[in-house]
Structure formats: C-alpha cells, structure tokens
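>>> A structural model of the following input is requested.
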Amino acid sequence: MPEQVAEMASRLITQIRPGERILDLGCGPGRDLAWFAARAARITGVDLSAGMLAEARQAVNAGLCQMDMRR
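Have a look, this model is predicted:
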C-alpha cells in the first residue's frame, strides 16, 4: 500500500468502534482489504469484476460481493 494511502487508512482505523465494519467499494484485488484484515478490522469488499474478486479471495479471507456500486 502506498505510504500516503497507508497514513489515511491508519487514521481511519482509529475511528472505527468495536464491531463496526469497513466497506471497500471497488476493492479490486484486495490490497487494502488485506491491510485492514491484518489489523483485525471487520471488512467487506465489493467489486464489479469477477476476476478482481477472484484475486481478492487469494489475498484475504473476507466477505466479498460482486455488484455495481452505482446501483
């Protein structure tokens, strides 16, 4: 994860209360999902591409959904 993105993610994770979830819209291959999962965050990933979700499944054990975020 690029340093600037990691800094923003670190700030975000401090704002998450116990039991709250993070929804990653357009999760792609799961890079950010894996980062959050490594920090014990409850995560769900959404992507339009079945191929990207297949890659994300290899990167992280998380709830993943194929859907169009515009709908």
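>>> burial count for the closest residue to Leu48 other than its chain neighbours?
Nearest-residue entry for Leu48: Asp68, 5.4 Å, with adjacent residues in sequence omitted and distances by CB to CB, 6 or more residues apart in numbering. To be clear about C-beta, it is placed using only N, CA and C from the backbone, and glycine gets the same treatment. When neighbours are counted by other CB atoms under 10 Å, Asp68 registers 8.
>>> What separation do you get for Asp68 and Ile13?
The gap separating Asp68 from Ile13 is 27 Å, by CB to CB, to the nearest Å.
>>> do the same with Ala40
Taking CB to CB, one finds Ala40 at 9 Å from Ile13.
>>> Show me which of these two is the more surrounded one.
Ile13 (14 against 8).
>>> Could you pull up the residues touching that one?
22, 36, 39, 41 (CB atoms under 8 Å, 6 or more residues apart in numbering).
>>> Make sure the last one is actually in contact with Ile22.
Yes: look at Ala41 against Ile22 with CB atoms under 8 Å: they come within range, at 5.4 Å.
>>> Mutual contacts of the two, please.
Counting by CB under 8 Å, 6+ apart, the contacts common to Ala41 and Ile22 are 13, 16.
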